[in-house]
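>>> just coords:
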Ligand code: FES
């Protein structure tokens with residue numbers, strides 16, 4: 001990976017080829033003026049590329065006269081193949097590097113897809129569902145074996161596939177299919193489940209063995225992500241995400257379960273999530289220009305409620321004491337049975353769960369990260385509506401869940417949104433002029449809302465520069481006109497003025513929004529704190545903290561520590577894995593051994609019910625402050641706040 005050096009602060013970071021320079025700067029904590037979210041029109045993010053290879057986009061008309069000779073706009077510049085040195089001119093700089101101001105330097109190391117694959121893929125990865133093209137000989141009076149026998153014989157002799165079982169739906173259409181296709185066919189054979197080796201699930205006319213595509217799906221309570229994967233090259237061909245359509249039946253798993261228990265509720269709620277997956281499937285197929293027929297397998301990772309509702313399984317007992325799920329390991333099922341718009345024979349693999357509130361999403365993430373193979377004592381936090389936490393290493397893994405609410409996925413906030421185009425994901429205040437923040441949006445377009453990573457950074461910056469008080473209330477005496485009384489008298493902060501926004505109003509963060517965020521971060525932190533103590537450890541004994549969630553490309557972990565979402569630990573302990581649940585689902589699409597790994601991981605995890613841990617509620621209440629009512633837990637943050 002190319003190394004990027006920023007002078008004069010001498011900050012060094014790594015970036016991927018093709019990465020946008022402004023995004024690299026935000027994730028490295030290098031702050032410059034950037035008023036238009038990276039849309040390339042304000043002309044403020046000027047830098048000088050002193051050495052190395054970059055590519056730049058043609059300047060937009062609005063910025064043309066503003067860019068000085070020899071300067072380039074960071075938001076329109078992309079990293080090339082070599083190391084790069086970038087000089088930040090004085091008039092672009094908002095402030096010196098955070099580290100030089102004594103801020104806790106918690107950048108967090110990104111765990112890349114390549115790292116996940118090199119650690120977790122088996123030696124000879126084979127997809128759980130394979131497609132074989134066969135040319136059969138036409139039967140004769142002398143050679144009169146049945147159509148099915150003829151097919152399975154060819155699979156054995158031509159491809160070494162020892163088919164032991166056949167899905168019945170294949171048979172009624174097989175005779176006509178083979179004859180109409182002149183005895184050339186493609187057989188799909190599933191071999192991922194321990195319970196059904198070499199299982200014939202589909203036969204198609206002609207040779208359609210390639211491409212053999214699969215869908216990795218993260219079924220979140222708030223958001224659904226789908227990645228289209230080529231099982232041969234292991235490349236992700238396209239990715240898409242959207243809100244889970246079940247949201248109209250309630251924001252959290254409890255309200256979904258209650259809805260599903262009434263009348264046709266279960267069918268309706270299954271249809272809703274299937275609708276989300278179907279829409280996203282169409283999106284990724286369109287993006288990749290791939291035919292639906294080429295998809296042969298779907299791996300879905302979701303929390304226990306999401307998994308049961310997707311599979312159409314009665315979920316009522318999940319919310320009733322003693323909180324028993326219908327199953328922890330799910331048998332093979334056809335995607336069409338879950339309402340997915342797929343031909344018969346496309347198999348759906350649902351990740352195994354651990355308990356009613358610790359599901360296949362965390363199992364998928366833990367297995368992808370390989371926590372069960374690592375010696376370091378690790379705190380793994382999946383930050384989402386249903387927050388899930390694991391503490392452990394290769395010797396043991398304890399897990400718990402907490403209801404954090406959808407705030408970090410943009411839910412429940414007036415201008416909250418998912419991590420998608422137009423979402424504010426980076427924010428920095430200029431201490432010399434609090435009215436001129438730096439704003440970075442995903443896709444570098446005009447801002448239309450704020451996503452989870454933007455919200456974390458925004459809260460931390462407002463707090464650090466005295467605009468927001470530790471009790472979550474705005475400081476009306478702060479020297480900025482951005483704090484004002486909104487409709488109904490509530491105080492709010494204007495993140496983006498209407499003129500700079502891609503929506504027809506100011507984009508604001510209000511005190512009720514902040515109350516929601518404090519509840520969410522308090523639930524996550526107190527859950528982690530309770531679990532760490534439950535296993536007899538203290539936070540400083542944790543050797544690694546791995547954060548995952550639907551945050552998009554990065555989350556500023558220093559800011560997450562600052563607001564009390566993450567523990568105040570040294571920088572080199574923090575790692576960020578983008579959507580761990582989806583990462584595991586991707587591995588399941590390309591490596592059948594990973595399905596067994598996931599089952600093994602789910603068996604290794606021991607569940608702790610936080611609602612029955614007496615310490616949890618006290619810790620939750622104590623965490624309803626920024627960063628925490630117990631200042632001794634956040635010594636580095638307090639040092640900065642007390643300056
Ligand atoms: S021109 Fe780059 S942020 Fe506005």
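Looks like it arrived, so ask away. These numbers come from a predicted model, not from an experiment.
>>> The residue nearest to residue 344 when sequence neighbours are not counted and residue 213, how far apart?
Among residues not flanking residue 344 along the chain, residue 169 sits closest, at 5.1 Å (CB to CB, 6 or more residues apart in numbering). (Glycine included, C-beta is placed from N, CA and C.) The spacing between residue 169 and residue 213, counted by CB to CB, to the nearest Å, is 21 Å.
>>> between those two, who's got more neighbours?
Remark: of residue 169 and residue 213, residue 213 carries more neighbours, 25 against 14, as counted by other CB atoms under 10 Å.
>>> Contacts only, for the more buried one.
Neighbour list for residue 213: 228, 229, 230, 231, 237, 290, 294, 295, 296 [criterion: CB atoms under 8 Å, 6 or more residues apart in numbering].
>>> go with 7 Å
By CB atoms under 7 Å, 6 or more residues apart in numbering, the residues touching residue 213 are 228, 229, 230, 231, 290, 294, 295, 296.
>>> Ramachandran coordinates for the third one?
The phi/psi pair for residue 230 (degrees, to the nearest 10) reads phi -90, psi 120.
>>> Surely the residue nearest to residue 344 is in contact with residue 337?
No - using CB atoms under 7 Å, residue 169 is not in contact with residue 337; the gap is 11.1 Å.
>>> before we move on, the earlier item: between the contacts of residue 213, which sits nearest the ligand?
Nearest to the ligand among these, counting by CB to the nearest ligand atom, is residue 228 at 31.8 Å.
>>> Surely that closest one is within a strand?
Yes - secondary structure of residue 228 (DSSP: H, G, I helix; E, B strand; the rest coil): part of a strand.
>>> Hmm, it is touching residue 289, no?
No - applying CB under 7 Å as the test, residue 228 and residue 289 come out as separate, 10.5 Å apart.
>>> Can you give me the distance of the residue nearest to residue 308 when sequence neighbours are not counted to the ligand?
Excluding its sequence neighbours, the residue lying closest to residue 308 (CB to CB, 6+ apart) is residue 315, at 4.4 Å. Relative to the ligand, residue 315 is positioned 46 Å away (CB to the nearest ligand atom, to the nearest Å).
>>> so who does residue 315 touch?
Counting by CB under 7 Å, 6+ apart, residue 315 touches 257, 260, 305, 308, 309.
>>> Mind checking which of the residues you listed land in helices?
Within these, residues falling in helices by DSSP state H are 257, 260, 305, 308, 309.
>>> for the residues you listed, which one is nearest residue 547?
Set against residue 547, the nearest of the ones in helices among the contacts of residue 315 by CB to CB is residue 305 (22.8 Å).
>>> Just list the residues touching that closest one, thanks.
Neighbours of residue 305 in contact, by CB under 7 Å, 6+ apart: 253, 256, 257, 315, 318.
>>> pLDDT value on the last one, please?
Put plainly, it is residue 318. We note a pLDDT of 95 for residue 318 in this prediction.
>>> right, and it touches residue 358 too?
No - if you go by CB under 7 Å, residue 318 and residue 358 don't touch, sitting 11.3 Å apart.
>>> hang on, the earlier thing: now tabulate the contacts of residue 213 in JSON lines and tack on pLDDT, neighbour count and distance to residue 459.
Output for the contacts of residue 213, formatted as JSON lines (pLDDT from 0 to 100; neighbours: other CB atoms under 10 Å; distance: CB to CB, whole Å):
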{"residue": "228", "pLDDT": "98", "neighbour count": "25", "distance to residue 459": "35"}
{"residue": "229", "pLDDT": "98", "neighbour count": "28", "distance to residue 459": "35"}
{"residue": "230", "pLDDT": "98", "neighbour count": "20", "distance to residue 459": "40"}
{"residue": "231", "pLDDT": "97", "neighbour count": "23", "distance to residue 459": "41"}
{"residue": "290", "pLDDT": "97", "neighbour count": "17", "distance to residue 459": "41"}
{"residue": "294", "pLDDT": "96", "neighbour count": "18", "distance to residue 459": "44"}
{"residue": "295", "pLDDT": "98", "neighbour count": "24", "distance to residue 459": "41"}
{"residue": "296", "pLDDT": "97", "neighbour count": "32", "distance to residue 459": "44"}
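>>> And those residues, which is closest to residue 640?
Looking across the contacts of residue 213 and measuring by CB to CB, the closest to residue 640 is residue 229, at 43.2 Å.
>>> Residue 601 versus the residue of the stretch 51-200 of the chain found nearest the ligand, what's the distance?
The ligand sits closest to residue 75 of the stretch 51-200 of the chain, with a gap of 3.3 Å, by CB to the nearest ligand atom. Using CB to CB, residue 75 is found at 41 Å from residue 601.
>>> Same question for residue 303.
Counting by CB to CB, the gap from residue 303 to residue 601 is 15 Å.
>>> Over to residue 514?
For residue 514, the distance to residue 601 equals 37 Å [CB to CB].
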